[in-house]
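Enquirer: The following block contains a protein sequence and its predicted model.
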Amino acid sequence: MKSHQKTIQTLFKILFFSVPLILWPFSSELFEFNKMVLVYILTIAITAVWILRSISVGKLIFRRTILDIPLFIFLGSQLISTIISIDPQTSWFGYYSRFNGGLFSTISYLLLYWAFVSNVGKEKVTKLIIISLWSGLLISIYGVLERLGIDKNIWQQDVQSRVFSTLGQPNWLAAWLIVLIPITWALIIEQEDKKLNLKSIYPYALSSLFFVVLLFTGSRSGLLGFVVIEFAFWAIIFFRNKLKYIKEFVIINFLILLIVGIFGTQFSPSIFDLFTKNKNVEPTSTVQTSATALETGGTESGTIRKIVWQGAVEIWKHYPIFGTGVETFAYSYYLHRPVIHNITSEWDFIYNKAHNEYLNLLANTGTVGILSYLSLIAFTVYLMTKNLTTNNEKQNDKSSHMVASFISGYLSILVTNFFGFSVVPIQILFYLLPAFTVIVANQKIEEEIKNKPTSNQKILKWIVICTATSLIIITCRYWYADILYSKGVNYNKVNRQDLSPKYLDKAIKLSPKQSLYYAEIAKAYTGLALVYNESKESTLSSQLAKAAIDNSTKAIGLTPANVNLKRMEFGVFVMLSTINPNYLINARDVLISAVTQAPTDAKIHYNLGLIYSRTGQNDLALQTLKKTTEMKPNYKDARLAYSILLIDAGKKAEAKIQLQYILINIDPTDSISKQYLESIK
């Protein structure tokens, strides 16, 4: 029995330490995918050992908590939404490249919650917390090194201005750090030895380091979350203890103000900026160095979020009960995407999340899903505050300070999720912070020992072990398939289509239901078909072209709701049209179908207009391109193509208006527009 518990506790240590840290550069997505796979493997292992422990005592070991019913209701809402989803594959596994949020991930988090409260003793929680802080220390050190430029030439993003360490995105790192910060504060006020030594200094140092890296993320939602933990934690501490910890409060906040003065924030300059300003030298704005490219050179991110949120609400209006399906926002958003999105700097970006956890759930799982989620949050807050009250009755119980840190950290997640969405490390904390409070506020796990296992128990144990081993192998195959897929994609990018199919074909054999694999191998076969066509090997070229079309068709058949697969199929037919012009008809038909799924997407309309022109349907081309310019008035390519077709149609006056619009409102230096305008004068 003790060995089972020790194993479970060790696996949880690995979970809290490794998941935030892990990344793998050879997978299609470096961060979230590998974290999710590791969670799957550890969940399987933890659940298996939990079942083995239950078999040993001859009954299910399951600690009842107030969250059991809300968790089951939430799980039920997700299950129904998955079953009736517009794309069940995505709903089960999550959107490819995001992964977190699919039904399998939700099941994993719930199993981790129940396994934790049923198997982890009170004395082990502190050790797990320390493990998390060690992980935070390593991640923060890497974040500081990123700020110093250690890997500035590796990433496309300006990581030196907005660090993201091993979390993959600045806002995600910020959201994770602000959950850890109040834990360091709890450790500070729990110290018995108030003398100045290494042991007493280290929680202050950790708190300061975490806050420094938080500033380096340049995350506005992170700073807002920090305000929440600052208020919530100290309000609880002072309410329960009067002014007992005023000294610690002053020191901590003095360090925070000192750090803000040294490094500045998005909303305030650093002390160095003030000095340079006094010297009449143009200061380096903290906002400029920490903001995203969109915030400095494009549409403000808040404006874009409002547009996406509007689209999420429209999805809910059309699918009000159970939504379009868990994690299907990337597909449903195109159908209800506001036209105004076309005039933002992210007009052609893929939005696979609503950038608001609550609206994302509303769109994907409808009224039932969001109400069950909000009910879960309400019961969680009640549980955590109830456990705080329980500890309040034990004035000498220092664990209440830790509960206060869990509550404030949990509230910060609710805030950062409003401006973004959960990722794997945050989701683990969302479900396990309540589990922490259950354990620290209650008695130890009851030890039950049953000697001499029966034959039936032995058989059951072997069944559990074999099942868990099989599930772990399946998960590893899923991970390895992605590694192979990533290799195939990379070979396609460098025009080595001769090598790409070798890896993509293996990936398909390991994961035959993944539509992206078929779409990618279709691109490879298309490239090879063009190469052999140039070499006059028409038979082989024709075979490869057919293979490309078959795989592209297979991809869309597996995920018909995914508009982006139709974009890829359109590209396949356009490329193959150099071999056989009749493929342009296929390309046209693909886009006609895509338009019905993405009626406000300007790029799809633009490409459809060009295809109409190439297939001799000039009237339809003019109509489509005119509509495109109405949807996106600053679309230079579409307006130029429309102008050229107007000239060909003898409508020079209208063409002149279009060309002048380009030169006055879009690009005054555009030489092509100038040439055409000169030719019709």
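Expert: Cool, the structure landed.
Enquirer: now the strands for the stretch 201-350 of the chain?
Expert: Counting by DSSP state E, counting those that start in this stretch, the stretch 201-350 of the chain has no strands at all.
Enquirer: so where is it shaky, pLDDT-wise?
Expert: Residues of the stretch 201-350 of the chain meeting the criterion pLDDT under 70: 274-298.
Enquirer: what do you get if the cut-off is 80, keeping everything else the same?
Expert: Within the stretch 201-350 of the chain, the segments meeting pLDDT under 80 span 270-299.
Enquirer: do the stretch 1-150 of the chain as well
Expert: 1-2.
Enquirer: at 70 instead, please
Expert: In the stretch 1-150 of the chain, residues with pLDDT under 70: 1.
Enquirer: where do the helices sit along it?
Expert: Ranges of helices in the stretch 1-150 of the chain, per DSSP state H, counting those that start in this stretch, are 2-21, 32-57, 68-83, 88-93, 103-119, 122-147.
Enquirer: Using CSV, write out every CA atom in the shortest one.
Expert: C-alpha atoms of helix 88-93 as CSV (Å, rounded to 0.1, in the frame of the first residue of the first chain):
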residue,chain,number,x,y,z
PRO,A,88,-15.5,14.6,-33.5
GLN,A,89,-11.8,13.8,-34.2
THR,A,90,-10.8,17.3,-33.2
SER,A,91,-13.1,17.3,-30.2
TRP,A,92,-11.5,14.1,-28.8
PHE,A,93,-7.9,15.1,-29.3
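Enquirer: tell me what it is packed against?
Expert: On a contact count with 3 or more CB pairs under 8 Å, 6 or more residues apart in numbering; DSSP states H and E, helix 88-93 meets helix 68-83, helix 103-119. C-betas here are computed from N, CA, C, even on glycine.
Enquirer: one more time with 6 Å
Expert: In terms of contacts (3 or more CB pairs under 6 Å, 6 or more residues apart in numbering; DSSP states H and E), helix 88-93 is packed against helix 103-119.
Enquirer: so residue 658, which of the three states?
Expert: helix (DSSP: H, G, I helix; E, B strand; the rest coil).
Enquirer: give me the number of residues near it?
Expert: By other CB atoms under 10 Å, the residues close to residue 658 number 25.
Enquirer: Likewise for residue 198?
Expert: 7.
Enquirer: gap between it and residue 401?
Expert: Residue 198 sits at a distance of 21 Å from residue 401 (criterion: CB to CB, to the nearest Å).
Enquirer: Repeat that for residue 176.
Expert: Going from residue 176 to residue 401 by CB to CB gives 21 Å.
Enquirer: circling back to that earlier point, now the helices of the stretch 1-150 of the chain as JSON lines including distance to residue 477 and mean neighbour count?
Expert: Compiled in JSON lines, those are given as follows (distance: least, CB to CB, whole Å; neighbours: other CB atoms under 10 Å):
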{"stretch": "helix 2-21", "distance to residue 477": "21", "mean neighbour count": "19"}
{"stretch": "helix 32-57", "distance to residue 477": "11", "mean neighbour count": "22"}
{"stretch": "helix 68-83", "distance to residue 477": "22", "mean neighbour count": "19"}
{"stretch": "helix 88-93", "distance to residue 477": "13", "mean neighbour count": "22"}
{"stretch": "helix 103-119", "distance to residue 477": "15", "mean neighbour count": "22"}
{"stretch": "helix 122-147", "distance to residue 477": "28", "mean neighbour count": "19"}
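Enquirer: Ok, which of these comes nearest residue 303?
Expert: Proximity to residue 303 (CB to CB) singles out helix 32-57 among those, at 26.1 Å.
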